[in-house]
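1. Provided below for reference: sequence and predicted model.
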Amino acid sequence: MFISVRLDDLTKGAHRSDRQGDINFYRHLSACSNCHLKPRCTSEKLRRIRRWDREDVLDDIERRLEEKPDAMRIRRTTVEPPYGTLKASMGYTHFLTRTREKVAAEMSLHVLAYNFKRVLNIIGIAALKA
């Protein structure tokens with residue numbers, strides 16, 4: 001059984017040297033001492049909850065997916081086929097460059113080539129020349 005606790009009810013723990021910089025540790029100071037599920041939850045005095053600094057973004061994504069469960073199915077049918085086409089027809093199996101900027105430029109070139117091929121297929125070479 002999971003008991004939901006709002007983040008506002010938790011107390012942020014003090015940073016220690018063994019903690020990572022972008023992970024926060026929280027605890028509920030009064031709830032653990034009176035909870036009948038404490039033996040199943042933790043053997044410590046208090047249960048510590050780890051949360052990433054930007055975990056609210058992940059919570060928002062999860063909430064939106066719960067509101068619209070078909071979103072991933074729609075994405076698979078509309079957004080991902082171009083990437084599959086790039087990979088299959090153009091021999092695009094991995095990036096040849098490193099760093100985010102260079103990979104973004106390489107991806108932009110692949111997308112430009114893909115879109116150009118689509119234009120040729122849709123309107124034809126004669127119409128493009130005209």
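-> Cool, the structure landed. Residues are numbered from 1 along each chain as shown.

2. Helix, strand, or coil at Asn121?
-> The three-state label given to Asn121 by DSSP: H, G, I helix; E, B strand; the rest coil is helix.

3. Quick one: neighbours of the closest residue in space to Asp53 that isn't next to it in sequence, just the number.
-> Counting by C-beta to C-beta, 6 or more residues apart in numbering, Asp53 lies nearest to Asp22, which is 4.6 Å off, once chain neighbours are set aside. For glycine as for every other residue, the C-beta is placed from the backbone atoms N, C-alpha and C. Counted with other C-beta atoms under 10 Å, residues neighbouring Asp22 total 10.

4. how close does Asp22 get to Ile49?
-> Asp22 is 15 Å from Ile49, where distance means C-beta to C-beta, to the nearest Å.

5. middle-most residue in the chain, spatially?
-> In the chain, the residue lying closest to the centroid (C-alpha atoms, centre = their mean) is Leu58, at 6.6 Å.

6. That one belongs to a strand, doesn't it?
-> No: going by three-state DSSP, the assignment for Leu58 is helix, not a strand.
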